[in-house]
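# below are the sequence and a predicted model; questions follow.
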Amino acid sequence: MPREYTPGDVAVPPTPSATPATGPDPLGPDAADPAVLPTHEPAAADLARAAARTAGDLLAPPAPVRLGDVIPAPERVAPDPTADFVLPEDAVIRVSPGPAARDVAEQLAEQLRPATGYPLPVAEAADDGTDGQLALSLSGPTAPAPAPAVNSAPADRLGDEGYRFQVTSADVRIVAATPAGLFHGVQTLRQLLPTAVESPAPVPERWVVPGGLIVDRPRFPYRGAMLDVARHFFGVADVLRVIDHLARYKLNHLHLHLTDDQGWRIAVDSWPRLAPMGGATEVGGGPGGWYTAADYRRIVRYAARRHVTVVPEIDLPGHTNAALLAYPELAPDKVAPPPYTGTEVGFSYVDPADERTYDFVSDVLGEVAALTPGPWLHIGGDEAFKVKGEAYTGFIERAQRIVAATGKTVVGWHQLAPAAHLDGRVLQWWGTNGDDPVVAEAVRRGARLILSPGNHSYLDMKYAPDTPIGHDWAGLIDVRRSYDWDPGTHVADVPAEAVLGVEAPLWTESVTSLAEIEFMLLPRLPALAELAWSPRTTHDWAGFRDRLAGHGPRWDRAGIAFHRSPEIPWPAEPAQPAVPRQPTAETADRTSDQVHPDPAGTPAPPPATNGA
């Protein structure tokens, strides 16, 4: 838990040192060498500011956040209480040359400017030879190995998403092999600054970062969440807000469930009635909606800037009532069904015996793949109860080949397991019993798994019996249940190396607003993010709940809705009343940002069999 300070509670640390506490300087031997800096006589005002800053640092308390208070838990942490860094008003962000790294630095500046009120200019590290107080550096695939180790796991190789984060009294340095690693390091920096950094307006604060060293990298390459926009439609602004939540906790995939019985949510030029006809409904009879190609590109672009990959799902051969409404020739009886606004599943399907069906599948998947730069294309495949045996496996095998022809890798719910294996295919497992021999056999044939166990990771499940929205068919899922399982051993006879990662689905039969999305995501999403990112050796419920408690005031400051779970020792009072986030230039069209919802009295429709 971060220590709470009151007026007069002052600690006097040892005199800070500008020398890094441990390990070599990751930016090279000349980075801190006075000989390479321009010489000049400091002005009297500069000397006065420096003296005031030194005096303030000597008398000020240590950082209110500990170096290890990060979610997800880092792989290695070596605190140095003598090396706290205080961000000065004239701080400069220095970054390696190149547009991708610079964009990470610009995002850091965008995040820090509102609360600090500081200008925080961004400049390339080689511009004039001077250091910045915040330094973001791209290295090769192997970064200098720090010592000593906090645990026995080697961490000198950072990989595609790892980073090295070092804080001294002189600066904060983030080193990574890729811009994605730099971005994850920036999220760590954001969490280690005082809670007030989430404020949308300037706050008088001592912007201190705890000293020491973090070396970090993810356990699994795929770490994601799913948003169902088919049962209830959510506009672009809401989806962008969800991407922000994923990025904050180092999740790197957003799975969009784009089609279902209740709505078709993406425009397809070659089948133009799909969106305007199939997208005009949702659960409960609301207006529905859909994304144009431009809308979808905007989501993909926004996600990519935050190193999040969009995974689109076109659910086949079942869950297709909205498509059949628009194009009845795809139905087995060639008759258009009525619009569907309920929550039952398993009654609709496209005709697997009609070649016109495969023209439809090829056209739709081809257009969606062309709009999607990421490697994945999800074809659903679950709950097609009326397409059985060879008819089902034959359809899936042909759909898998269609996906491969687009250049994408096929992903589907684990019901795809009996179909013939296609190189690279991924099964998303949502079972509640880890003994699944059919899936284990598919893994032996080469499939990889994304784990989404319904009784641990389904974020549409209620927290407790009195949670006013959500389902309970997979059980109640409180924060501890979200946290207490191991993806590496969860499915019997599936080795850890076959697990691609973890995904937390949010089905929206009973979720109708952004505030309700956030209420169901938080605080469980950080728990699942930690399982996906952190080494198993760091897994500790007591430590996690204490770290998580410190995020409640951050969400309050940012105007983020969340469930105040009684399992978590939240601070007695929020740091200040929740303030709706102010729009930025990039998200100025957001109209649905909300503070804590009052879901009391919101009726939940009858739960689906599995929500998928």
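Noted; the coordinates are in hand. Residues are numbered from 1 along each chain as shown.

# stretch 208-226 spans what distance, first to last residue?
Using C-alpha to C-alpha, to the nearest Å, one end of stretch 208-226 lies 35 Å from the other.

# likewise stretch 84-91?
15 Å.

# and for stretch 248-263?
30 Å.

# got a list of what H378 touches?
255, 311-314, 410-412, 428 (C-beta atoms under 8 Å, 6 or more residues apart in numbering). For every residue, glycine as well, the C-beta is placed using N, CA and C.

# quick check: phi and psi on it?
phi -100, psi 130 (degrees, to the nearest 10).

# A561 too?
Here is the backbone geometry of A561 (degrees, to the nearest 10): phi -70, psi 140.

# burial measure for it, as a count.
24 (other C-beta atoms under 10 Å).

# how much space separates it from A572?
In this view, A561 and A572 are 20 Å apart by C-beta to C-beta, to the nearest Å.

# which parts of the stretch 151-300 of the chain are strands?
For the stretch 151-300 of the chain, strands defined by DSSP state E, counting those that start in this stretch occupy the ranges 163-167, 172-176, 208-209, 212-216, 222-228, 253-257, 259-260, 263-264.

# could you dump those strands to a markdown table with distance to L87 and mean neighbour count?
Formatted as a markdown table, those follow (distance: least, C-beta to C-beta, whole Å; neighbours: other C-beta atoms under 10 Å):
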| stretch | distance to L87 | mean neighbour count |
| --- | --- | --- |
| strand 163-167 | 11 | 27 |
| strand 172-176 | 8 | 27 |
| strand 208-209 | 7 | 22 |
| strand 212-216 | 16 | 26 |
| strand 222-228 | 29 | 26 |
| strand 253-257 | 31 | 26 |
| strand 259-260 | 46 | 30 |
| strand 263-264 | 46 | 30 |
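
# how about the ones you listed in a markdown table, adding distance to Y302 and mean pLDDT?
Output for these, formatted as a markdown table (distance: least, C-beta to C-beta, whole Å; pLDDT from 0 to 100):
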| stretch | distance to Y302 | mean pLDDT |
| --- | --- | --- |
| strand 163-167 | 22 | 98 |
| strand 172-176 | 21 | 97 |
| strand 208-209 | 27 | 98 |
| strand 212-216 | 25 | 98 |
| strand 222-228 | 14 | 99 |
| strand 253-257 | 10 | 99 |
| strand 259-260 | 21 | 98 |
| strand 263-264 | 22 | 98 |
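
# what segments of the stretch 401-550 of the chain are helices?
437-444, 454-457, 479-483, 514-521, 524-533, 541-549 (DSSP state H, counting those that start in this stretch).

# most neighbours per residue, which of those helices?
Comparing the helices of the stretch 401-550 of the chain by mean neighbour count (mean count of other C-beta atoms under 10 Å), helix 524-533 comes out on top with a mean of 26.

# can you pull the contacts of the closest residue to P276 other than its chain neighbours?
Counting by C-beta to C-beta, 6 or more residues apart in numbering, the nearest residue to P276 once its immediate chain neighbours are dropped is W290, at 7.6 Å. Contact analysis of W290 by C-beta under 8 Å, 6+ apart lists 233, 263-267, 275-276, 279.

# and W290, how far from G235?
In terms of C-beta to C-beta, W290 sits 10 Å off from G235.

# contacts for the helix or strand hosting P312, please.
Here P312 sits within strand 309-316, counting by DSSP states H and E. Residues outside strand 309-316 that contact it (C-beta under 8 Å, 6+ apart): 224, 226, 230, 252-260, 266, 299-300, 303, 350, 361, 364-365, 368, 371-372, 374-382, 395, 399, 411.

# immediately after it, which helix or strand?
Counting by DSSP H and E, the next helix or strand C-terminal to strand 309-316 is helix 321-326.

# can you work out which other helices and strands pack against whatever helix or strand comes next after that next one?
Reading on from helix 321-326 to the C-terminus, the next helix or strand found by DSSP H and E is helix 355-371. Using 3 or more C-beta pairs under 8 Å, 6 or more residues apart in numbering; DSSP states H and E, the elements in contact with helix 355-371 are helix 293-305, strand 309-316, strand 376-380, helix 389-405.

# could I get the ones you listed as a markdown table with mean pLDDT and distance to L422?
Formatted as a markdown table, those follow (pLDDT from 0 to 100; distance: least, C-beta to C-beta, whole Å):
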| stretch | mean pLDDT | distance to L422 |
| --- | --- | --- |
| helix 293-305 | 98 | 25 |
| strand 309-316 | 99 | 15 |
| strand 376-380 | 98 | 11 |
| helix 389-405 | 98 | 4 |
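
# let's have those in TSV, adding distance to W555.
Output for the helices and strands packed on helix 355-371, formatted as TSV (distance: least, C-beta to C-beta, whole Å):
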stretch	distance to W555
helix 293-305	21
strand 309-316	24
strand 376-380	30
helix 389-405	38
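
# and these: which comes nearest T82?
Closest to T82 of these is helix 293-305 (C-beta to C-beta; 36.7 Å).

# which residues in the stretch 101-250 of the chain form helices?
179-192, 236-248.

# quick one, the shortest one and helix 524-533 angle?
Here the directions of helix 236-248 and helix 524-533 differ by 50 degrees (axes from the mean of the first three to the mean of the last three C-alpha atoms, to 10 degrees).

# now helix 236-248, how far from the chain's geometric center?
Centre-to-centre, helix 236-248 and its host chain are 8 Å apart (C-alpha atoms, centre = their mean, to the nearest Å).

# angle of it against helix 514-521?
Using the same axes, to 10 degrees: helix 236-248 against helix 514-521 is 30 degrees.

# helices or strands up against helix 236-248?
With contacts taken as 3+ C-beta pairs under 8 Å, 6+ apart, helix 236-248 sits against helix 179-192, strand 222-228, strand 253-257, helix 293-305, helix 514-521.

# in the fourth one, which residues are buried?
Using 16 or more other C-beta atoms under 10 Å as the burial criterion, the residues of helix 293-305 that qualify are 295-296, 298-300, 302-303, 305.

# great, nothing more from me.
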